[in-house]
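Student: Got a sequence here, can you model it:
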Amino acid sequence: MSIPVYDIEGKIVENEEFPENFNIPPHYNSIFAHIRYVRNALRRGTASTKRRGEVSGGGRKPWRQKGTGRARQGSIRSPIWKGGGVVFGPKPRSYRISIPDKVKKLSIKSSINQKLIEEKIIIVKDVVFEKPSTKNAFEFLKKLNINSSALVVYSNENGEVQRSFRNIEKVTPLYYQFINSYEILRHEYLIITKEAYSKIKEVWGND
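Tutor: All right, here's what the predicted structure looks like:
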């Protein structure tokens, strides 16, 4: 199967073969595991509450044990008091998990193939602007008839593409080394530069 390759003007200039080892049925378990892996890595894990040993006050017993008619209390740090400690509250932690590389590969292959089936994958020969320009990036998307969310995958490390597309609503520029199923599937279109496409095949295409 071949995919048309567009130039900066939105015209088809050649065709690119879709690799056979990417043409696989969707592997939903791998996709789920990879999305969970990515979303967990995005969590800051900075939520924190104070336990009874960390709140202020409570150096003495609020009132004597007997004779007051009130329930016995040992400290105002108790969780049942306003301003007391929190029971089993969150503490700073890392939510990162690990998954095998084979699962990542299977997930990315499945996701890219799904975009091909939906005819929502676009390869461009190169995205080159004279300088970083949101206006030029917007016009480029217009020429490709894209008016919804899109993931733009590039391979140029100078950041020109990233700075051009980052301010467009619902468009996410992404360096090819960071491609993942979560970003692919949450956008309607997948736009890949030809060079990035070759590198993705090289990195994720081997079994």
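Student: Helix or strand: which one has residue 61?
Tutor: Per DSSP states H and E: residue 61 is located in neither a helix nor a strand.
Student: And residue 163, by the same measure?
Tutor: According to DSSP H and E, residue 163 maps onto helix 160-165.
Student: Show me where this protein has its helices.
Tutor: 28-42, 101-117, 134-143, 160-165, 181-186, 194-204 (DSSP state H).
Student: so which of these comes closest to residue 125?
Tutor: Across the helices of the chain, residue 125 has its closest neighbour in helix 194-204 (5.2 Å, C-beta to C-beta). C-beta coordinates here come from the backbone N, C-alpha and C atoms, glycine included.
Student: Residue ranges in the protein under the pLDDT threshold?
Tutor: By pLDDT under 70, the weakly predicted segments of the chain are 158, 206-207.
Student: Give the buried residues for stretch 17-31.
Tutor: Across stretch 17-31, burial judged by 16 or more other C-beta atoms under 10 Å covers 18-19, 22, 27, 30-31.
Student: now do stretch 38-51
Tutor: The neighbour-count check on stretch 38-51 (16+ other C-beta under 10 Å) flags residue 38 as buried.
Student: what does stretch 132-144 give?
Tutor: Judged by neighbour count using 16+ other C-beta under 10 Å, the buried positions of stretch 132-144 are 132, 136-137, 140-141.
Student: what's the answer for stretch 83-97, then?
Tutor: 84-85.
Student: Tell me how far it lies from the chain's centre.
Tutor: Put simply, stretch 83-97 sits 24 Å off its chain's centre (C-alpha atoms, centre = their mean, to the nearest Å).
Student: quick one: terminal-to-terminal distance for it?
Tutor: With C-alpha to C-alpha, to the nearest Å as the measure, the first residue of stretch 83-97 is 34 Å from its last.
Student: what's in contact with it?
Tutor: Residues outside stretch 83-97 that contact it (C-beta atoms under 8 Å, 6 or more residues apart in numbering): 36-37, 40-41, 43, 45-55, 57, 76-79.
Student: winner for burial among the helices of the chain?
Tutor: Using mean count of other C-beta atoms under 10 Å, the stretch among the helices of the chain with the largest mean neighbour count is helix 160-165, at a mean of 21.
Student: Kindly spell out which helices and strands sit in contact with that helix.
Tutor: With contacts defined as 3 or more C-beta pairs under 8 Å, 6 or more residues apart in numbering; DSSP states H and E, helix 160-165 has these neighbours: helix 134-143, strand 150-154, strand 171-175.
Student: Including distance to residue 10, could these go into CSV?
Tutor: Output for the helices and strands packed on helix 160-165, formatted as CSV (distance: least, C-beta to C-beta, whole Å):
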stretch, distance to residue 10
helix 134-143, 3
strand 150-154, 14
strand 171-175, 16
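Student: To residue 204, which of those lies closest?
Tutor: Taking C-beta to C-beta, strand 150-154 is the member of those nearest to residue 204, at 11.8 Å.
Student: Show me which positions of that closest one end up buried.
Tutor: 150-154.
Student: And for stretch 69-79?
Tutor: 75-77.
Student: Got the domain ranges for this protein?
Tutor: The chain breaks down by automatic domain parsing into domains covering 2-27+99-204, 44-94.
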